[in-house]
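K.L.:
coordinates for the following, if possible.
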Amino acid sequence: GVAIASNACASREDDPELTKGGIGYWLRKLMAERAATAKEAVQIGGKLVEKYGYASSGRTYTIADPNEAWVMSVVNGKHWVAQRVPDDKVMIIPNYYTITNVNLSNEETFMGSEDLISYAKERGWYNPGKDGVFNFRKVYGHPRSLASDGNIPRKWRGLELLTNKSFDMEKPLPFAVKPYEKISLKDMMKVLGDHYEGTEWDESQHYEYGEPHGAGVNSICAPHNQYGFVTELRDDMPVEIGAVMWLAPRRPCIQPYVPWYLGMNKIPENFALTDHQTALKNHFDAPENIFEKNDGHAFVKYAKYADYVDKNYGKYIEDIRENKRSMQEKMIQKHKEIEKKALKLYPDDKDAAMDVLFNFTN
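P.N.:
Just a heads-up that it's a prediction; the model follows:
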């Protein structure tokens, strides 16, 4: 029941120490395979980074289990830091580092490389007398990434939607904030489908100038979205039922989220062309036709539908939004009934319980 989301975050490191070429994609894979809790995933990831070095510019992993969440930022080479998200707060991450002040002596809240600060001093990135309190984001982040119009507005918008408060984009945005109420599935889904509607960053002017995905400034729901997902993790039921990923293919602004349960014993028809091992091989050694749209895959239908809606977004979106809202509410309500059915079957017939979950998603 450990979930990991990944954000590329450019670092300023230009002379990384790597062993055997370093580690990249396999870092999140090994954390997911080996960890039983979010904190354990961070500990595993930290050891791997310190042994091999992270092979790309930088990345932040958001790692959650049913009881807590951590944010783990890795830097090209052998440096990393992690911070626990407070239980009563929410954090928003675009594609830059969000961890600021660090206190590694507080092991309940922070973890990281022992030489995180001393290394930064050696490289001339951090001068305590001049810079004041150590700020990981400023010290290790790439200046272009930290100042990007593709990053700052997305974080600002997410914070405002979940707090109902105003934030000044000219000032540093907080690591985490208290939401205006306990966050629901629908709150998360709303944020992931946003294009700055009603704000100065809405370049489509509420679709008056066309669809919102072709704008110059990246919105949260952006042209390159492949899917939106919200992970729901519960510890009051078996993990096969309690861990569920709500998935909206291609564009979360027009597609309702469908629950995919951890315990599902097969993939819905046409959502996988091959098996997991073949997909993993293709990840590192892509076939020549990797970018050809295969009409046998369900995702292509969602992609074509998104293209169709974009041609006249303003005309279609209100009806689509209402249909999506109605379907989403029915699904959220129905999934509770399905879980009760699966929970009743689980003690005596686990396979039958998993079939119930699969049939609902399918």
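K.L.:
now Gly158: how far from Tyr196?
P.N.:
Using Cβ to Cβ, to the nearest Å, Gly158 is found at 11 Å from Tyr196. Bear in mind the C-beta positions are built from the backbone N, C-alpha and C, glycine included.
K.L.:
identify the single longest helix in this protein, thanks.
P.N.:
The residue-count maximum for a helix in the chain (DSSP state H) belongs to helix 313-345.
K.L.:
quick check: angle from the helix or strand following that one to helix 313-345?
P.N.:
Counting by DSSP states H and E, the next helix or strand C-terminal to helix 313-345 is helix 350-361. Orientation check (axes from the mean of the first three to the mean of the last three Cα atoms, to 10 degrees): helix 350-361 against helix 313-345 gives 160 degrees.
K.L.:
contacts for stretch 132-147, please.
P.N.:
Taking contacts as Cβ atoms under 8 Å, 6 or more residues apart in numbering, the residues outside stretch 132-147 that touch it are 9-13, 57-58, 73, 75, 79, 81, 95-102, 116-117, 120, 125-126, 128, 131, 151.
K.L.:
hmm, I typed the wrong one, I wanted stretch 156-166.
P.N.:
90, 92, 167, 169, 173-174, 177-180, 183, 187, 190-191, 194, 196, 199, 201, 219-220.
K.L.:
farthest residue from the center of the protein?
P.N.:
Residue farthest from the centre of the chain, counting by Cα atoms, centre = their mean, is Gly129 at 36.5 Å.
K.L.:
am I right that Asn270 is in a strand?
P.N.:
No. Under DSSP: H, G, I helix; E, B strand; the rest coil, Asn270 sits outside any strand and is assigned coil.
K.L.:
quick check on the residue nearest to it when sequence neighbours are not counted: phi, psi?
P.N.:
Leaving aside its sequence neighbours, Asn270 sits nearest to Ala298 (Cβ to Cβ, 6 or more residues apart in numbering; 4.2 Å). Note on Ala298: backbone dihedrals following degrees, to the nearest 10 are phi -60, psi -30.
K.L.:
neighbours of Ala298, how many?
P.N.:
15 (other Cβ atoms under 10 Å).
K.L.:
go on, Lys186?
P.N.:
Neighbour tally, Lys186, other Cβ under 10 Å: 14.
K.L.:
okay, it: pLDDT?
P.N.:
According to the prediction, Lys186 has pLDDT 95.
K.L.:
same question for Val217.
P.N.:
83.
K.L.:
would you say it is within a helix?
P.N.:
No. Counting by three-state DSSP, Val217 is not part of a helix but coil.
K.L.:
kindly export the biggest strand by length in the chain (C-alpha atoms) in PDB.
P.N.:
Using DSSP state E, we find that the single longest strand of the chain is strand 54-64. C-alpha atoms of strand 54-64 as PDB (Å, rounded to 0.1, in the frame of the first residue of the first chain):
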ATOM      1  CA  TYR A  54      21.200   9.500  -9.100                       C
ATOM      2  CA  ALA A  55      21.900   9.500 -12.800                       C
ATOM      3  CA  SER A  56      19.700  12.400 -14.000                       C
ATOM      4  CA  SER A  57      19.600  16.100 -13.100                       C
ATOM      5  CA  GLY A  58      17.200  15.800 -10.200                       C
ATOM      6  CA  ARG A  59      13.900  14.400  -9.100                       C
ATOM      7  CA  THR A  60      11.300  14.600  -6.300                       C
ATOM      8  CA  TYR A  61       9.300  11.500  -5.200                       C
ATOM      9  CA  THR A  62       6.100  12.000  -3.300                       C
ATOM     10  CA  ILE A  63       5.700   8.800  -1.300                       C
ATOM     11  CA  ALA A  64       2.600   7.900   0.700                       C
END
